[in-house]
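Novice: Coordinates for the following, if possible.
(chains A, B and C)
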Amino acid sequence: MLTTNLNKAQREVVYDSDGPVMVLAGAGSGKTRTLVSRVTYLLEEKNISPFRILALTFSNKAAREMKERVACEVDLDIGTLQMTTFHSFCARLLRSEIGYLGLSRSFTIYDDSESKTVVKFLLKRRGISPKDLSPYEILYYINDLKNNGFYHGCTGEFPIDEDLHPFFMDYETELHKANALDFGGLLTAVVQLFQCHPEVLDMYQKKFKYVLVDEYQDTNRVQFEIIKMLSEKHRNICVVGDEDQSIYSWRGADIRNILDFESVFPEAKVIKLEQNYRSSKIIIEAASAVIEKNLMRKGKAMWTDNPDGDIIPIIECADEKSEAEFVASEILKLKKSGVENRDVALFYRMNAQSRIIEDMFRKHNIAYRIVGGIKFYERKEIKDILAYLRLIVNDKDSLAFSRIVNVPTRGVGATTLRKLENEAVAKGLSLWEIVSDLVDNQENYANIRLTSRTKSSLVQLVSMMMEVKVMDGEGVRPSQLYEKVLHESGYYEFLSASRNHESISRLENLDEFDNAIKQFEMNRDKPTLLEFLETINLDPSSNESSTDDGKFNTSGEVSLMTAHGAKGLEYDYVFIAGAEENIFPSYRSLEEGEIGVEEERRLFYVAMTRAMKKLYIIFAQGRLLHGQIKFNGPSRYINEIPPKFFKWKKFKYGGDRRNESVFPDYEENSQEVDYGDESIIQIKREKSGYKFPAGSRIIHSLYGEGIVLETEGAGKNEKILIRFKDGIRKKFLTCIAPIVPF
DNA sequence: CGGCTAGTCATTTTT
DNA sequence: TGACTAGCCG
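Specialist: Reported below is the predicted structural model:
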């Protein structure tokens, strides 16, 4: 039953369950299906307990998808099956074993921005201006060491930078004092634990009889080290990856993990999955031709049985606006022929490119969704409230303390904070420990004089936090702790006091945060604050309440995302926008030389191979970049596509001055696109038209979110009728009303 | 403490 | 060009 729907190579992966296996799986080769079958086979045919299997992926998305699919296939209870990300696996392991390393199990996880704060603090403490030594340089150094498995006291050869290393040491000390680990630290701590305490390693080695790793091309050295150690005993390790889709080397992903696999596991079997089930023949052959230009690859020959499909249009536009016009008009055309929004995606190289496209989509009432754009948990108000919550769990988190001590304003300014910090350093205690003692025993702190206002607000803060800590210890639900903190800290009042749209949207975000906590609580038997915080750090999108109610548009939304965000996804129709030199490939990568060009080529390849039916590649002759019009020319990757697979087209629209291709080389293969049908007429009308067309969503600073029902008048007299969330209808003059598009 | 201005610097971001 | 930050002043 398992073998149905699997080809020969895939079956090999499923059944060769013993001994090390490396699967090189091309884009769209049914990789996930194969992995799921392998796990199913282990569970059902070989009767392996789910408890003995460890499946690691890089992203939560991939882990969730795999887990769901296995759950569908298998009748067993797979609750004990560990199918998760490297980081979550390590965090979970450390929650029970961290005692060996001198931290407590309530350790906090610092994200990148918190790491940055620590580094900035260290620079300041040494009296070095960030202009003389960039915090990014230090962070890069720290990450680089951690990605390669370096920890304080480890053995092995690492390139130590004399100037930067002291910062690494300071940084580690700070985190240790704060009972915190950063993302990289979760991984190195596990390596350290295994190396220094072989008995712990032995236990886990015995436990996990089978280890599987997905997205292997994205693993870094520490991760390799972890899976190597874990599988040394049973040697049943199966890694699946595609070197052509390695697009995170700047994040530490190390191609050596693929190249060295066979030398670390000499008995390893290597299986290639080369048949593509996703894309049309033209797309596969075009993408293969591009990726073959890379020299640093083992090499695979992708092929497909799918039909030829449409030729790839290369669209030359005058500028970024014209590019957006083209996409909008083409999507309207597709829609007319029955294509649904949800089957269409647009990829760009950098987030900044999305703005103009979004404007155009709004103008044409094309429903869209930005995938992986603004990060909810990175918003200021969310970070503030999270800092309160973190402090409840972890006394030692002085970073959290200094973040909230004066938010909302309590009369505890920089000077007071500095005194508290000095005191904390002198006594070797955390800020919380100092302050909670200070409010009771002021006489012991001769150096710290407080005004009565400062004193009383600190007393209030401390007593509130004390109460919440007790409640947390008694098992009170996280949502109730949050409520208490939000109101008793004065944060809610502080935001409600100013009624500008900034604070209104902040309050809305806090409401959403409230939903997220409640969502989390519904998913657990015994929800704890500590667990909630960990989920937020390691799997921020898991508690998202679905906002996609489909009310506004039944055909879903067009997906907009960066090429990086596109990995692992597929769409019938794909647009790659901004296919220009210095954009895609980015100028930064070009500075790195061939290495950079190859990584960008892999990224371009990933973008191309997302398309199932039709791929469009678009570039602009000129583009406004940093306030200047740049003429970059078409991306080199376009030139690497054999001409028989594409048709060069020049897009013209109303406001376009230049009508000829400025790339005469392509003239013979070029053709003008006539958009003289309704879609272009619509564009012309919209160009001079309304700021807020009917159907667009808006936010009014007083009334909140609403939808435009009718428009009338033009220019200064443009009036719109809006229906707000609560059903109230109101008319506004668009030039005066405090309305922004939503 | 908060609001303003001048100066700076511009990828990608699974965790 | 525009978003963010550091530093200055009221």
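
Novice: ok, and the helix or strand in chain A with the lowest average confidence?
Specialist: Least confident element among the helices and strands of chain A, by mean pLDDT, DSSP states H and E: helix A:678-687 (a mean of 33).

Novice: Look at A:Pro307 and give its secondary structure.
Specialist: Look at A:Pro307: counting by DSSP: H, G, I helix; E, B strand; the rest coil, its state is coil.

Novice: how many neighbours does it have?
Specialist: A:Pro307 has 10 neighbours, counted by other C-beta atoms under 10 Å. C-beta: built from backbone N, CA, C; applies to glycine.

Novice: and if you look at A:Glu483?
Specialist: 14.

Novice: repeat for A:Asn500
Specialist: By other C-beta under 10 Å, 10 other residues sit near A:Asn500.

Novice: Now do it, the pLDDT please.
Specialist: Looking at A:Asn500, its pLDDT stands at 71.

Novice: From A:Val270, how far off is it?
Specialist: Counting by C-beta to C-beta, to the nearest Å, the gap from A:Asn500 to A:Val270 is 60 Å.

Novice: give me the low-pLDDT residue ranges for the stretch 351-500 of chain A?
Specialist: In the predicted model of the stretch 351-500 of chain A, residues A:373-374, A:499 satisfy pLDDT under 70.

Novice: one more time with 80, if that's ok
Specialist: Applying pLDDT under 80 to the stretch 351-500 of chain A picks out residues A:372-375, A:498-500.

Novice: now the strands: where do they sit in it?
Specialist: A:368-370 (DSSP state E, counting those that start in this stretch).

Novice: can you give me the helices in it?
Specialist: For the stretch 351-500 of chain A, the helices defined by DSSP state H, counting those that start in this stretch occupy A:354-363, A:380-393, A:398-404, A:414-427, A:431-438, A:452-473, A:478-488, A:491-497.

Novice: Looking at these, which is nearest to DNA strand C?
Specialist: Proximity to DNA strand C, assessed across the helices of the stretch 351-500 of chain A by C-beta to the nearest atom of the strand, is greatest for helix A:354-363 (7.7 Å).

Novice: Run through the helices of the stretch 101-250 of chain A in chain order.
Specialist: A:112-125, A:135-147, A:165-177, A:183-196, A:198-207, A:221-231.

Novice: Would you reformat these as CSV and include distance to DNA strand B and mean pLDDT?
Specialist: Converted to CSV, the helices of the stretch 101-250 of chain A look like this (distance: least, C-beta to the nearest atom of the strand, whole Å; pLDDT from 0 to 100):
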stretch, distance to DNA strand B, mean pLDDT
helix A:112-125, 5, 88
helix A:135-147, 8, 91
helix A:165-177, 15, 93
helix A:183-196, 4, 96
helix A:198-207, 19, 97
helix A:221-231, 10, 96
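
Novice: For these, give me a markdown table that also has distance to DNA strand C and mean neighbour count.
Specialist: Shown next, in a markdown table, are these (distance: least, C-beta to the nearest atom of the strand, whole Å; neighbours: other C-beta atoms under 10 Å):
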| stretch | distance to DNA strand C | mean neighbour count |
| --- | --- | --- |
| helix A:112-125 | 6 | 17 |
| helix A:135-147 | 8 | 20 |
| helix A:165-177 | 16 | 17 |
| helix A:183-196 | 20 | 22 |
| helix A:198-207 | 40 | 14 |
| helix A:221-231 | 29 | 22 |
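
Novice: As JSON lines, those with distance to A:Tyr616 would be great.
Specialist: Formatted as JSON lines, the helices of the stretch 101-250 of chain A follow (distance: least, C-beta to C-beta, whole Å):
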{"stretch": "helix A:112-125", "distance to A:Tyr616": "34"}
{"stretch": "helix A:135-147", "distance to A:Tyr616": "36"}
{"stretch": "helix A:165-177", "distance to A:Tyr616": "46"}
{"stretch": "helix A:183-196", "distance to A:Tyr616": "36"}
{"stretch": "helix A:198-207", "distance to A:Tyr616": "49"}
{"stretch": "helix A:221-231", "distance to A:Tyr616": "36"}
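
Novice: Flag every residue of the stretch 451-600 of chain A that's near DNA strand B.
Specialist: Contact residues, the stretch 451-600 of chain A versus DNA strand B (C-beta under 7 Å from any atom of the strand): A:538-541, A:561-562, A:564-565, A:567, A:586, A:588-589, A:592, A:596, A:600.

Novice: 6 Å - rerun?
Specialist: Neighbours of DNA strand B within the stretch 451-600 of chain A, by C-beta under 6 Å from any atom of the strand: A:Leu538, A:Asp539, A:Thr562, A:His564, A:Gly565, A:Ser586, A:Arg588, A:Ser589.

Novice: Looking at chain A, which residue reaches furthest from the middle?
Specialist: A:Glu443 (49.2 Å; C-alpha atoms, centre = their mean).

Novice: next one: stretch A:193-205 to chain centre, how far?
Specialist: 32 Å (C-alpha atoms, centre = their mean, to the nearest Å).

Novice: My guess is A:Thr85 contacts A:Asn60. True?
Specialist: Yes. Counting by C-beta atoms under 8 Å, A:Thr85 touches A:Asn60, with 5.8 Å between them.

Novice: any residues in contact with both of the two?
Specialist: Counting by C-beta atoms under 8 Å, 6 or more residues apart in numbering, the residues touching both A:Thr85 and A:Asn60 are A:Leu538, A:Asp539.

Novice: ok, those two, which is more surrounded?
Specialist: Neighbour totals were compared for A:Thr85 and A:Asn60, and A:Thr85 leads with 21 against 18 (other C-beta under 10 Å).

Novice: Identify the residues contacting that one.
Specialist: So A:Thr85 contacts A:Leu56, A:Thr57, A:Phe58, A:Ser59, A:Asn60, A:Ala63, A:Leu538, A:Asp539 (C-beta under 8 Å, 6+ apart).

Novice: Show me what it bridges to in the sheet.
Specialist: A:Thr57 (DSSP bridges).

Novice: Dump the helices of the stretch 351-500 of chain A to TSV, plus distance to A:Tyr348.
Specialist: Shown next, in TSV, are the helices of the stretch 351-500 of chain A (distance: least, C-beta to C-beta, whole Å):
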stretch	distance to A:Tyr348
helix A:354-363	6
helix A:380-393	26
helix A:398-404	34
helix A:414-427	41
helix A:431-438	43
helix A:452-473	44
helix A:478-488	36
helix A:491-497	34
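
Novice: most tightly surrounded among the ones you listed?
Specialist: Counting by mean count of other C-beta atoms under 10 Å, helix A:398-404 has the highest mean neighbour count of the helices of the stretch 351-500 of chain A, with a mean of 24.

Novice: centroid residue for chain A?
Specialist: Most central in chain A (C-alpha atoms, centre = their mean) works out to A:Gly372, at 5.7 Å.

Novice: From A:Asp214, how far off is it?
Specialist: Here A:Gly372 is placed at a distance of 19 Å from A:Asp214 (C-beta to C-beta).

Novice: Just to check, A:Tyr637 is in contact with A:Phe584?
Specialist: Yes. A:Tyr637 lies in contact with A:Phe584 (C-beta under 8 Å); the separation is 7.4 Å.

Novice: that older thread, please report how far the residue farthest from the centre of chain A lies from DNA strand B.
Specialist: 25 Å (C-beta to the nearest atom of the strand, to the nearest Å).
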